[in-house]
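# only geometry, no sequence info:
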């Protein structure tokens, strides 16, 4: 059972367009992290959102954590070719909620921004 | 700081061969992790360690072993390679809270034929 579902799985857009990537779950998370992974590299942490309803901005990227802390979205304004990569969300649960791995990754959204 | 380093970058194994994937971090992080990434399957946790001398199984530990003799190093051992172990392997580390905000290495692409 996939605990975190990301959509869309693939997205190909033209430079300058806006886009939104979604990360949804039926489970509540203590926080949610977004990573970006470029070909041949490991994922790199972009942001962590902690509070329900929280919005964080990183230049042209806007991250939002759902009020119920079950979902998150990533919005990119005026996408550029340098935004191309695999975007992964990861839900973090506190030690009181679970044992073993406390971080669950979604399958990722592969974004391609064409010049 | 070099961050998290992994060697080798690529490797091809024959079925039944063994190998060790090396991972080192120079950030003095207590927590270290091994993941495998398969196309369309996301990152799956193989093993993790909360400190030197302490390791524990993740979601997919079968066919792998780890050790953590020092804070810096966390090698992953494949004893009898199988085609199902063809994947990209990532080592990661984190500092303040287990599993939180991880730093990843560049990965090892392993093919088992």
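Sure thing, it's come through. What you see is a predicted model, and the numbers here were worked out from it, not measured in a lab. Residues are numbered from 1 along each chain as shown, chains lettered A, B, ... in the order given.
# how much space separates the nearest residue to residue A:77 once chain neighbours are set aside from chain B?
In space, residue A:77 comes closest to residue A:60 once its chain neighbours are excluded; the distance is 4.6 Å by CB to CB, 6 or more residues apart in numbering or on different chains. Quick note: C-beta positions are derived from backbone N, CA and C, even for glycine. Separation of residue A:60 from chain B (CB to the nearest CB, to the nearest Å): 22 Å.
# neighbouring contacts of the helix-or-strand element of chain A with minimal mean pLDDT?
When the helices and strands of chain A are scored by mean pLDDT, DSSP states H and E, strand A:103-105 comes last with a mean of 88. For strand A:103-105, contacts defined as CB atoms under 8 Å, 6 or more residues apart in numbering or on different chains pick out A:3-4, A:33, A:88-93, B:42-43, B:45, B:99-100, B:102.
# now list the buried members of those.
Taking 16 or more other CB atoms under 10 Å in any protein chain shown as the criterion, what is buried in the contacts of strand A:103-105 is A:4, A:33, A:88-93, B:42-43, B:45, B:99-100, B:102.
# lowest-confidence one in those?
In terms of pLDDT, the lowest of these is residue B:99, showing 71.
# am I right that it is in contact with residue A:102?
Yes: look at residue B:99 against residue A:102 with CB atoms under 8 Å: they come within range, at 4.1 Å.
# what about whichever residue of chain B sits closest to chain A, neighbour count?
Closest residue of chain B to chain A, CB to the nearest CB: residue B:104 (3.0 Å). Applying other CB atoms under 10 Å in any protein chain shown, we find 22 residues neighbouring residue B:104.
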